[in-house]
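Engineer: next one to model:
(chains A and B)
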Amino acid sequence: MKRQEIKEILSSEAFGSTIKVNGWVRTKRESKNVNFINLNDGTVIHNLQIVADVNNFDENILKKINTGAAISVVGELAESGGQQRVELIAKEIEVIGEADPDKYPLQPKRHTLEFLREIAHLRMRTNTFSAIFRIRHAMIYAVHTFFNNKGFFNMHTPIITASDAEGAGEMFQVTTLDMSNPPRNEDGSIDYSQDFFGKKTNLTVSGQLEGELAAMALSKIYTFGPTFRAENSNTSRHLAEFWMIEPEMAFYDINDNMDLAEEFLKYLIQYALDNCMDDLEFLSQRLQQEEKDKPADQRSMELIEKLRFVANNDFIRLTYTEAIEILENSKHNQKGKFQYPVKGFGTDLQSEHERYLVESHFKKPVILTGYPASIKAFYMKLNPDGRTVAAMDVLFPQIGEIIGGSQREENYEVLVEKMEKMGVPVEEMSWYLDTRRFGSVPHSGFGLGFERLITFVTGMGNIRDVIAFARTPKNCEF
RNA sequence: UCCCUAGUAGCUCAGUUGGUUAGAGCGGCGGACUGUUAAUCCGUAGGUCGUAGGUUCAAGUCCUACCUGGGGAGCCA
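Structural biologist: Numbering: from 1, shown residues only, chains lettered A, B, ... in the order given. Predicted structure coming up:
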């Protein structure tokens, strides 16, 4: 008999028909005459209630039906008199895999996210994490759908790279050399000519530079791949291994770039609202339980309301210079409430400043542009004023920078000059500079941290809870 | 990497100014009862108090170092 998935069973009208279902036991309630088993197979957040008449089953089988056990049930679909619409009256039950209740860590009780993080191999079996990973899948699908609909081409850019000039952070080295006895040059330095690729190599910190090469041929491309940063970052919004989406578009200026970024984010959020409502409602309820313990002024907007708000309202766009002005004139600053006082053009914006703009001043997502050239990467296009660049950061409440991007410097001479000024090795990058030598055009792109998006959409507080197995400093379990 | 904070039963926590045999709730197990909803009620087992040193007649409690978790900062997506 073919197994049916709980998602379809729960919307079925075929009362009286005999069906088979497989899944994992969430809870069992024992009565004198019947046992109630809540079964979940991960296809949907809701459980199917199995009703087992104790007189029809061997006591030893019922005893093995504990929280976490995998079972297969054949039974008759029936209307339920309880909280659920349908239930399954069991005729046959097979215990496929037992779960010793004395040892199985997930018991029917509230667990903290910190504890569940330690048992990440089992936490997908909880409502919270199964919801998160279903939403994560939907967002992956939505990313590809969005770009495909717009005529973008997906590029797989290299994971291993010899370029250490991307300037996006510390890199993980990739080597096959014997670490305890590496070959050495006469001066004592390591001889990488004997390494696998004949040179020093690392894991990629960004696919952008290769993405630019592709955009100079295919017009509009995007990458969606793993990204590795060996920064010693211990925060709720950083991972050493994460997934990044990087579109790159020829003939797009900074305004086209902003339009795309805003449309993209709204599309993704709307997609979640249209396709993941069951899971979002569950996560929302979970969050509201948590919020109950907080003082009223620290509570955040309800999850679904927040997502609708972002999907339906225009983002605020302003320049760095305007932002500095707002911050300088704010009562917050004049009362000295910023830990880092705002002192005119050139000061790098701190988290507290970004949060003030997004969460207190505008209460909306903000796109900041026109940053001082001195605090941004070499490849960003220099504005006519000669001191700012066409950079853009999209700032979201709670998570801060969700997108970072820019129009790229397409002028060969200007780019080389900036590289030399910032210590980027020009000769090693000649392949990159070729795009500016031959048929150079204005172009733009940005990077979206996928897990930061998922953090926002699910309302989770820690980025380690929206990736299956988080890699962070001193942590590479599973 | 820096600042703050925590580590006591499977989980979440309490444990007074250092003072006898270390407590609760949840979960587990046993039983009662019941078409139940994380069922309810009664009973029961379960702890090298993060690790290593130190102070003291006496340390879960005080001191030092280290490890790990959490919050914040920097770096960024």
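
Engineer: residues contacting the residue of chain A most remote from its centre?
Structural biologist: Relative to the centre of chain A, the most outlying C-alpha is that of A:Asn55, 49.2 Å out, by C-alpha atoms, centre = their mean. Counting by C-beta atoms under 8 Å, 6 or more residues apart in numbering, A:Asn55 touches A:Asn33. (Each C-beta comes from the backbone N, C-alpha and C, glycine too.)

Engineer: what sits against the closest residue to RNA strand B within chain A?
Structural biologist: RNA strand B sits closest to A:Gly82 of chain A, with a gap of 1.5 Å, by C-beta to the nearest atom of the strand. A:Gly82 makes contact with A:Gln49 under the criterion C-beta under 8 Å, 6+ apart.

Engineer: mind doing that once more with 10 Å?
Structural biologist: A:36, A:49, A:51 (C-beta atoms under 10 Å, 6 or more residues apart in numbering).

Engineer: let me see the ranges of the strands in the stretch 1-150 of chain A.
Structural biologist: A:18-30, A:34-40, A:48-53, A:70-79, A:86-97 (DSSP state E, counting those that start in this stretch).

Engineer: you'd agree A:Gly386 is in a strand?
Structural biologist: No - applying DSSP: H, G, I helix; E, B strand; the rest coil, one finds A:Gly386 to be coil, outside a strand.

Engineer: tell me the pLDDT of it.
Structural biologist: With respect to pLDDT, A:Gly386 scores 90.

Engineer: and for A:Asn33?
Structural biologist: With respect to pLDDT, A:Asn33 scores 87.

Engineer: so what's the residue count around it?
Structural biologist: Neighbours of A:Asn33 under the rule other C-beta atoms under 10 Å: 9.

Engineer: could you show which parts of the stretch 151-300 of chain A are in contact with RNA strand B?
Structural biologist: A:168-169, A:206, A:229, A:231-240, A:242, A:244 (C-beta under 7 Å from any atom of the strand).

Engineer: what subset of the residues you listed is buried?
Structural biologist: Neighbour counting over those (16 or more other C-beta atoms under 10 Å) leaves A:168, A:206, A:229, A:237-240, A:242, A:244 as the buried ones.

Engineer: so where's the stretch 301-450 of chain A shaky on pLDDT?
Structural biologist: When residues are selected by pLDDT under 70, none of them lie in the stretch 301-450 of chain A.

Engineer: could you do the stretch 1-150 of chain A as well?
Structural biologist: Low-confidence segments of the stretch 1-150 of chain A (pLDDT under 70): none present.

Engineer: just the strands in the stretch 351-478 of chain A please.
Structural biologist: Secondary structure of the stretch 351-478 of chain A (DSSP E, counting those that start in this stretch): strands located at A:366-372, A:388-396, A:400-407, A:443-449.

Engineer: show me what the last one pairs with in its sheet, parallel or antiparallel.
Structural biologist: Translated: strand A:443-449. Strand pairing for strand A:443-449, determined by DSSP bridges: strand A:241-250 (antiparallel), strand A:400-407 (antiparallel).

Engineer: tell me which of the ones you listed sits most buried.
Structural biologist: A comparison of these by mean neighbour count, using mean count of other C-beta atoms under 10 Å, puts strand A:241-250 on top with a mean of 24.

Engineer: all the helices of the stretch 351-478 of chain A, residue numbers only.
Structural biologist: Applying DSSP state H, counting those that start in this stretch to the stretch 351-478 of chain A gives helices spanning A:351-355, A:412-422, A:430-437, A:450-458.

Engineer: picking up where we left off before, I'd like the strands of the stretch 351-478 of chain A as TSV, with distance to A:Phe197 appended.
Structural biologist: Below are the strands of the stretch 351-478 of chain A laid out as TSV (distance: least, C-beta to C-beta, whole Å):
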stretch	distance to A:Phe197
strand A:366-372	35
strand A:388-396	33
strand A:400-407	29
strand A:443-449	25
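
Engineer: would TSV of the ones you listed with distance to RNA strand B be doable?
Structural biologist: Shown next, in TSV, are the strands of the stretch 351-478 of chain A (distance: least, C-beta to the nearest atom of the strand, whole Å):
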stretch	distance to RNA strand B
strand A:366-372	11
strand A:388-396	7
strand A:400-407	3
strand A:443-449	3
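
Engineer: can I assume A:Glu30 is in contact with A:Phe57?
Structural biologist: No - in this structure A:Glu30 lies outside contact range of A:Phe57 using C-beta atoms under 10 Å: 12.0 Å.

Engineer: and the strands of the stretch 1-150 of chain A: which comes nearest A:Ala131?
Structural biologist: The closest of the strands of the stretch 1-150 of chain A to A:Ala131 is strand A:34-40. By C-beta to C-beta, the value is 11.4 Å.

Engineer: just checking, what packs against the closest one?
Structural biologist: Using 3 or more C-beta pairs under 10 Å, 6 or more residues apart in numbering; DSSP states H and E, the elements in contact with strand A:34-40 are helix A:6-10, strand A:18-30, strand A:48-53, strand A:70-79, strand A:86-97.

Engineer: among those, which is the most enclosed?
Structural biologist: Most buried among the helices and strands packed on strand A:34-40, counting by mean count of other C-beta under 10 Å: strand A:48-53, with a mean of 21.

Engineer: could you export that one as CSV, CA atoms only?
Structural biologist: The C-alpha coordinates for strand A:48-53 follow below in CSV (Å, rounded to 0.1, in the frame of the first residue of the first chain):
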residue,chain,number,x,y,z
LEU,A,48,-2.2,13.7,12.3
GLN,A,49,-4.0,12.2,15.3
ILE,A,50,-3.9,8.4,15.3
VAL,A,51,-6.6,6.7,17.4
ALA,A,52,-5.6,3.2,18.5
ASP,A,53,-8.2,1.0,20.3
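
Engineer: can you count the residues close to A:Leu318?
Structural biologist: 16.

Engineer: same check on A:Glu186?
Structural biologist: Neighbour count for A:Glu186, taken as other C-beta under 10 Å: 6.

Engineer: wait, is it part of a helix?
Structural biologist: No - looking at A:Glu186 with three-state DSSP, it is coil, so not inside a helix.

Engineer: so, low pLDDT: which residues of the stretch 151-300 of chain A?
Structural biologist: A:164-168, A:293-299.

Engineer: quick one: the strands in it, in order.
Structural biologist: Under DSSP E, counting those that start in this stretch, the stretch 151-300 of chain A gives strands at A:153-155, A:160-161, A:173-174, A:201-203, A:220-228, A:241-250.
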